[in-house]
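# My questions concern the predicted model and sequence given below.
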Amino acid sequence: MTGNHSIQAPAQPAVELDEPTWRFCAAPMMDWTDRHCRFFLRQMSRHTRLYTEMVTTGALLHGDVARHLDYHPDEHPVALQLGGCDPAALAQCARMAEDWGYDEVNLNCGCPSDRVQGGGFGACLMREPQRVAECVAAMRASCTLPVTVKCRIGVDDCDDDTFLDAFITPIAEAGCEVFIVHARKAWLQGLSPKENREIPPLNYARVRQLKQARPDLRIVLNGGLATVGDAAEQLAGFDGVMLGRAAYDNPWLLADVDPLCFGTPAPVTSRREVLERMRDYIAQAHADGTPVAAITRHMLGLYRGQPRGRAFRRLLGESARSPDATAALIDDAIALLYPQNRTAEPFSAQPQENKATA
């Protein structure tokens, strides 16, 4: 990046971007990665592949389609993640994803929540690889988009290489070429979704073994990656990496993605530039009826670990809830962060990736 950012583009040639790439992905996160979150994250990386929060087939087939599928054109590449287990319903939803212009449709086979298990999908589908294969085949027959699967390395006591291979093989035979693998198994009983992201031990070796055994597949590593630097180091052994909560809690991490992972310049050189872009977006969305807080709630971590970061978080977190809040709130934030309206960053723009909020 330019300016006072210390990360420089790697010496190797830029990654070829004419074909779909999963080199760096931002994970689907329920209640978080809505369209406003995705637009915000896009400001810091042109090439990160963004994912919707999981949308169930029932919500699409019987609910407000536009609410679930609308997105800003700048979000591309963007993937729709589906939750479901009925091949016909998933096929219909995959066709909808293509009609709405998504770049990928992803099947969730990794979520361990009780609600998802009650619907017969998510991580419990890892016990039914043939059903998943039928779902993938139906989805591929209904659209031309890449159909991908996000899964775990195992569930409960089914926790070895043989189990993972038995899951992957029929799904790959059904035409799935991209697997995003969270390198933890899931406990279907006894752990909350949050605990399932933290307590089962990471096992990168198993995912690496999968990639070595199946070089014909694209394997994307997910789980436990805390920084873009950590993720970039893993690209030597995988086709891509995926960050979730780390990128959401400290979104400025993504400003390093394009230089480190794609060999291209970052789209911004400062957090202030992100704020100014978001001000225009908020103004338009608010004019269309979107509450300001629905957007700014995703921006609270932008100044994580920076001077005045806590005051920024408090300003956006409290003032945006006022019914009178407008995009002018961003001007208030800029005035708070940049006294005397200085245009330069008043502190290092280098992400403080492992510091607590100031």
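Cool, the structure landed.

# Flag every buried residue along stretch 27-35.
Buried residues in stretch 27-35, counted by 16 or more other CB atoms under 10 Å: 27, 28, 29, 30, 33, 34, 35. From N, CA and C alone the C-beta is placed, and that goes for glycine too.

# show me what contacts the third one?
Counting by CB atoms under 8 Å, 6 or more residues apart in numbering, residue 29 makes contact with 53, 244, 245, 248.

# thinking again about what came up before, okay, the buried residues of stretch 27-35 in CSV with secondary structure next?
Listed next are the buried residues of stretch 27-35 as CSV, based on DSSP: H, G, I helix; E, B strand; the rest coil:
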residue, secondary structure
27, coil
28, coil
29, coil
30, coil
33, coil
34, coil
35, helix
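
# picking up where we left off before, now flag whichever of the contacts of residue 29 is closest to residue 284.
The shortest gap between residue 284 and any of the contacts of residue 29 belongs to residue 53, at 22.1 Å (CB to CB).

# before we move on, what SS does the closest one have?
coil.

# hang on, it packs against residue 35?
No: judged on CB atoms under 8 Å, residue 53 makes no contact with residue 35 at a distance of 9.8 Å.

# hmm, back to that, tell me which two of the contacts of residue 29 sit farthest apart.
It's 53 and 245 that sit farthest apart of the contacts of residue 29, by CB to CB, at 13.3 Å.

# and stretch 231-239, how far apart are its ends?
11 Å (CA to CA, to the nearest Å).

# quick one: that stretch to chain centroid distance?
Between the centre of stretch 231-239 and the centre of its chain there are 17 Å (CA atoms, centre = their mean, to the nearest Å).

# Now do the buried residues in that stretch.
Buried residues in stretch 231-239 (16+ other CB under 10 Å): 231, 232, 234, 235, 238, 239.

# cool, and stretch 146-158?
Buried residues in stretch 146-158, counted by 16+ other CB under 10 Å: 146, 147, 148, 149, 150, 151, 152, 153, 154, 155, 156, 158.

# Need these in a markdown table (columns: secondary structure and pLDDT).
Converted to a markdown table, the buried residues of stretch 146-158 look like this (DSSP: H, G, I helix; E, B strand; the rest coil; pLDDT from 0 to 100):
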| residue | secondary structure | pLDDT |
| --- | --- | --- |
| 146 | coil | 98 |
| 147 | strand | 98 |
| 148 | strand | 98 |
| 149 | strand | 98 |
| 150 | strand | 98 |
| 151 | strand | 97 |
| 152 | strand | 96 |
| 153 | coil | 97 |
| 154 | coil | 94 |
| 155 | strand | 92 |
| 156 | coil | 89 |
| 158 | strand | 87 |
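
# can you redo those residues as TSV with distance to residue 61?
TSV is the format used below for the buried residues of stretch 146-158 (distance: CB to CB, whole Å):
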residue	distance to residue 61
146	22
147	18
148	21
149	21
150	21
151	24
152	27
153	31
154	31
155	27
156	31
158	31
